[in-house]
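Enquirer: Starting from these lines, generate the structure:
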Amino acid sequence: MKVVSFQVPHIMKEAFRIQLDRMPHFYDKLHQHNEIQIMWIEKSQGTLIAGDYVGRFVPGDLFVIGSHQAHVFKNDPVYFNPESNLEASSVSIFFDENYLGNVFWQLEEMEETLKWVSKAGRGIKLLGTTREKVTDLLKRVVKQKGIDKIITFFEIIKHLTESNEIEILSVIASQEKYRTNEGKRMNDILQFTLRESHRKVYIDEVAKVANLTEEAFCRYFKTRTGKTYTNFLNEVRVSHACKMLIDMDLSIQDICYQSGFTNLSNFNRAFKKVTGKTPSKYLG
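Expert: Here you go, the predicted structure:
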């Protein structure tokens, strides 16, 4: 298993590429592509990993994924149940400087947009009225053709460029493609963590998954993501805990243990660090 260099189908005369996804669950492997992706979640929920960011996604969310940013929209386990009638659906726009040509993106009028493109390398979550306006434009653009389609695309870019209603996702910007061996290693670490985060995970276990000594693994993970593996693991657990708080009638103590924490104080501390709120105030 490796980080997949995903090839977005591209017709040379396109100004951008629209993709509509409707399936039992989203593509569940860590992957990357040259294009910037603007993605609106119509249906389904789960955990988004983008660079060093870990967090929940739910219907209505709107994200920007940077060029070459390793990411995965991992649906919750119920979406992988063959008997489930649940559906994952989204609308995405893919684009980069190759779609309209390098000369176009270097025009003086595109200066502010290029600054935004640099910011988008870390991934963005759109908030507030910007999310509402861009979502409406995405719904519109999928039905359009010709010059109207181009105009709506630039309306979207204009809103994104000018908005302050954003949450930057990743601390580290994506600048390079994963090498094949490194991509396989990171994806193996990710899949192991998502699968086993509900229990106590020992560093020697995940180091073996990465085919490294414990010391080398800790150094590798911190260098590659900017955070310790323990912090990353806690973020995954908090993401699962957020879902349980919303969807299940469980006590905070039960959620603490079912999400993989071994005591309530650590759970409360990690939860507040990730979400900015205590578990008891998360739904308030």
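Enquirer: And for P279, the neighbour number?
Expert: Taking other CB atoms under 10 Å as the criterion, the count of residues near P279 is 21. Every residue, glycine included, has its C-beta placed from N, CA and C.
Enquirer: and it, what does it touch?
Expert: The contact partners of P279, by CB atoms under 8 Å, 6 or more residues apart in numbering, come to 241, 245, 252, 255-256, 267-268, 271.
Enquirer: pLDDT weak spots in the stretch 151-284 of the chain?
Expert: Residues of the stretch 151-284 of the chain meeting the criterion pLDDT under 70: 171-182, 283-284.
Enquirer: Let's see that with 80 instead.
Expert: 171-183, 224, 226, 246-248, 283-284 (pLDDT under 80).
Enquirer: Q144: what's its closest spatial neighbour, skipping adjacent residues?
Expert: T152 (5.9 Å; CB to CB, 6 or more residues apart in numbering).
Enquirer: Point me to the helix or strand that includes the one you found.
Expert: helix 146-162 (DSSP states H and E).
Enquirer: Which residues does that helix contact?
Expert: 15-16, 38, 64, 93, 95, 112-113, 115-116, 120, 124, 126, 130, 133-134, 137-138, 140-141, 144.
Enquirer: Stretch 57-64 now?
Expert: So stretch 57-64 is contacted by 36-48, 50, 73, 120, 123-126, 131, 134-135, 160, 169 (CB under 8 Å, 6+ apart).
Enquirer: In that stretch, which residues are buried?
Expert: For stretch 57-64, burial by neighbour count (16 or more other CB atoms under 10 Å) applies to 57, 61-64.
Enquirer: Repeat that for stretch 155-168.
Expert: Going by neighbour count (16+ other CB under 10 Å), the buried part of stretch 155-168 is 155-157, 159-161, 163, 166.
Enquirer: Beyond the longest helix along the chain, next helix or strand please.
Expert: Counting residues, the longest helix found in the chain (DSSP state H) is helix 229-247. The helix or strand immediately downstream of helix 229-247 is helix 252-258, counting by DSSP H and E.
Enquirer: how far does that next one sit from the chain's center?
Expert: 25 Å (CA atoms, centre = their mean, to the nearest Å).
Enquirer: Just the element for the closest residue to L212 other than its chain neighbours, please.
Expert: Ranked by CB to CB, 6+ apart and with sequence neighbours excluded, the top spatial neighbour of L212 is Y220, at 6.1 Å. For Y220, the element it lies in under DSSP H and E is helix 214-225.
Enquirer: now that helix against helix 229-247, angle please.
Expert: Angle, helix 214-225 to helix 229-247, by axes from the mean of the first three to the mean of the last three CA atoms, to 10 degrees: 60 degrees.
Enquirer: Can you point out the buried residues in helix 214-225?
Expert: For helix 214-225, the buried set under the neighbour-count rule, 16+ other CB under 10 Å, comprises 217-218, 220-221, 224-225.
Enquirer: CA atoms of the host helix or strand of G55 as PDB?
Expert: Assigned by DSSP H and E, G55 belongs to strand 53-57. Backbone C-alpha positions of strand 53-57 (Å, rounded to 0.1, in the frame of the first residue of the first chain) are rendered in PDB as follows:
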ATOM      1  CA  TYR A  53      -4.200  17.600  10.100                       C
ATOM      2  CA  VAL A  54      -6.700  15.200  11.600                       C
ATOM      3  CA  GLY A  55     -10.300  16.100  12.000                       C
ATOM      4  CA  ARG A  56     -13.900  15.200  11.400                       C
ATOM      5  CA  PHE A  57     -15.800  15.900   8.200                       C
END
